[in-house]
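Colleague: generate a structure from the sequence data that follows.
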Amino acid sequence: MLRPVPMVHLQVQVPGRDAGAVTRRIAAEGLLHLVDIAHGKIAADASPPGTRELLAAFRDLERRVRRVAERLELPLPEPTGRLESAATDFEQERQRLEGKLHPLEAETEEAARRVTEARDRVARAEQARQRSERLRAAEVPVAALPPLRFTEVRLGLAPADDLATLAAMLAPAPFAVLPLEGPGQGPCLAAVAVPASGRERLDGALRVVNFETVVVPADPAAWDQAEMARLAAEAAGDEARGREHLARLRESAPAVLADVARRVEAVALLLQAQSHFATSGRFVVISGWVPAYAAERMRRAIMAASEGRAVVEIESPDEMAEARLGMVGVPILHRNPLLLRPFQSLVRLYDTPSYREVEPTAFFALSFLVMFGLMFGDAGHGLVLFAAGYCLFRFLPRFLDYGILLMEAGTASAAFGLLYGSFFGIEGLLPVLWMEPIRDLPRFMGIALGLGVVLVSGGLLLSSVNAWRAGERGAALFSPRGLFGAFVYWVLLALAARALMPRWSVPFWLLGTLLGCALLLLGLRPLIVPRLERGAGEKRARGAPVPPWAAALESAVELVDSAFSYFANTVSFVRVAAFAAVHAGIFVALFAVADTVADLRFGGGVASVLALVVGNALAILLEGLTVSVQVLRLEYYEFFSKFFRGGGEPYRPLSRARPGKEPYDASRTETAPDAAGRGGAGRADADPGPAGHGAGGRAA
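Modeller: Next up is the predicted model:
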């Protein structure tokens, strides 16, 4: 739980004729995280010839299949772990699928085009009918307008303000702007007249204002109501026939679309995998990472798919020079229980831990719930949060993590609410088992500072562990973020305690001894660190030698700066007490409002209850969100900043499962083969990329 699942590197050499079968088996297993075979060393495309062109063609087929399915409003099948396509000649498969899809695509596009055009004709006919009625109601002599020679007249719809703007733009030349309707809610029907010589000026002004021109047909018969009704009915009939055609296609197309979609998706997946391969003569080289416990199973699957013609090499990250030097990243897969999954997602919002550092989800979850409970402690509010989380957990599986997080936060809130004796802020209903935040604020501030000391110290200790795992022994022991920095921080805390709390102070002789040890270690650091880091030169570039006195001075300045930042981080935890007091103060204000409303002559009791219900609901929503943000702020900036290195890459195996489908279970061991002859494939706990897998290391 505190370390990622151990990974091993697989490098496979397989004859080119077996590459397709091996790729299908790898995708079916869903365990191999592909990497760029050249590890970023080769700029040119090292994949088999024609792979990327074929991949682009199959991606285009995928897009066209989705478009046809959208036109027909048909769902496409979800991908499974099996690859239905057994094609080995991908170009021939593309031509076959193209021949199967094209007739359906052309017929669907034609039917959809006819429906769209008919719908537009219906809309235009209805618009013309409405405008002709408005012109007839305004008694506009439509037949007399086209023959005009010396006057340019435009009919249109425009708001009153735009008509005034139009008049100002046409002045001082002769013009007339005549509203033909009374004021209403929408645009007004109006006529604009200018001399024939002012046509260009009128066109320019109309382009500026919001004026929708009503085109008067040359043949007045086109405005006949019966003719327009006939055109509208004809367009509606064409639309209905087009929809009937689409309905018939909707009945016959699912089988074709499902078959083409499955085969196209399968081949595209295989081609995208092969775009990460490299060719060496008649062989194809495949490189990737797999969980160590599944390495032997993966090797057997590859050997079976190639009928024993493959060469599989398995290396641990410690055996790979590229991995030790950081040239190739090891993908990260964490095995956290269900109750920690929501917190793992929150950790990844900050960054993904690297392969060799401590996975902080367990520490994060514990500290998050403690701080949330301290700041949002109320048994009633906690029960509401728990109930909301249970509803999500029980009835909306899509939001499973949110449901678990709400239930855990609600439990923490209810637990601290019992300690505070608070149930929806009602005094005296529950006994105070510990303290009341708003009345014991000085004590609460001391507890908050103590929590800050624990988290800052824990961050420094985790930083030492991470540095030691990375082979940086000198940094683990003597850096400001290592054990030496933690030691100095604790000594300064003891000094502060002696100055502020004499009853709890450390004896002066012990403080003097600790300070002397700190100064001695600071002076000896330039001599000890090089000996500790001897043999780790391959990880660091050697620079110019630094004099011991300069190194000691630099270390002292860095240490003082770090110590001040640690104290600032510790004081920042006072906000835990502040928000707890605010939470209690909100109840005081809420009950004051309820008492005031209760004195109303009519409906005071109902209004008082309503004020309490609405006030508590707003407090849960708004203050709960605010407290969550503050907790994350303390976690990210005061805790994670001490030790978190990040830069890790989530484990994304080549798999057909879409994001959110079949979550990976890292605790799963070897399983019996299924009907397809493969073992039970795991799935990554991270979201796959566009094709269901990602490229590790420096992969494109």
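Colleague: all contacts plus neighbour counts: C-alpha atoms, from now on.
Modeller: Noted.
Colleague: ok, now which ones touch the nearest residue in space to Ala362 that is not next to it in sequence?
Modeller: Leaving aside its sequence neighbours, Ala362 sits nearest to Leu340 (CA to CA, 6 or more residues apart in numbering; 7.0 Å). By CA atoms under 8 Å, 6 or more residues apart in numbering, Leu340 lies in contact with 361-362, 365.
Colleague: model confidence score at Leu340, please.
Modeller: Listed pLDDT for Leu340 reads 93.
Colleague: and it, how far is that from Phe363?
Modeller: Plainly put, Leu340 is 10 Å away from Phe363 if you go by CA to CA, to the nearest Å.
Colleague: do Phe393 as well
Modeller: For Phe393, the distance to Phe363 equals 24 Å [CA to CA].
Colleague: so between these two, which is more surrounded?
Modeller: Phe393 (20 against 15; other CA atoms under 10 Å).
Colleague: all helices of the stretch 301-450 of the chain, in order?
Modeller: Assigned by DSSP state H, counting those that start in this stretch, the helices in the stretch 301-450 of the chain fall at 321-324, 341-350, 361-375, 379-395, 400-420, 441-469.
Colleague: of all those, which one comes closest to Glu623?
Modeller: helix 361-375 (9.7 Å; CA to CA).
Colleague: and that closest one, how far out from the chain middle?
Modeller: Centre-to-centre, helix 361-375 and its host chain are 23 Å apart (CA atoms, centre = their mean, to the nearest Å).
Colleague: low pLDDT regions in the stretch 401-550 of the chain?
Modeller: Low-confidence segments of the stretch 401-550 of the chain (pLDDT under 70): 502-506, 522-527, 529-550.
Colleague: which residues in this protein form strands?
Modeller: Counting by DSSP state E, the chain has strands at residues 7-15, 33-34, 151-158, 176-179, 188-195, 212-214, 278-280, 283-291, 311-315, 331-332, 649-650.
Colleague: direction included, what does the second one pair against?
Modeller: Its sheet considered, strand 33-34 pairs with strand 283-291 (antiparallel) by DSSP bridges.
Colleague: just want the most central residue of this structure.
Modeller: Leu349 (8.6 Å; CA atoms, centre = their mean).
Colleague: just the pLDDT at it, thanks.
Modeller: 91.
Colleague: next one: Leu612
Modeller: 92.
Colleague: and it, how many neighbours does it have?
Modeller: When neighbours are defined as other CA under 10 Å, Leu612 has 18 of them.
Colleague: and it, how close does it get to Ala598?
Modeller: Counting by CA to CA - Leu612 and Ala598 are separated by 11 Å.
Colleague: do the same with Trp490
Modeller: For Trp490 relative to Ala598 (CA to CA), the value is 54 Å.
Colleague: just Leu333 next, same as before
Modeller: The value you get for Leu333 to Ala598, if CA to CA is used, is 58 Å.
Colleague: neighbour-wise, which of those two wins?
Modeller: Ranked by neighbour count (other CA under 10 Å), Leu333 and Ala598 place Leu333 first, with 25 against 18.
Colleague: that one reaches Pro650, doesn't it?
Modeller: Yes - counting by CA atoms under 8 Å, Leu333 touches Pro650, with 6.5 Å between them.
Colleague: look up phi and psi at Val209.
Modeller: phi -90, psi 170 (degrees, to the nearest 10).
Colleague: so it touches Leu166, yeah?
Modeller: Yes - counting by CA under 8 Å, Val209 touches Leu166, with 6.7 Å between them.
Colleague: which one of the two is surrounded by more residues?
Modeller: Under the criterion of other CA under 10 Å, the comparison of Val209 against Leu166 puts Leu166 first, with 21 against 17.
Colleague: enumerate every residue touching that one.
Modeller: By CA under 8 Å, 6+ apart, the neighbours of Leu166 are 205-206, 209.
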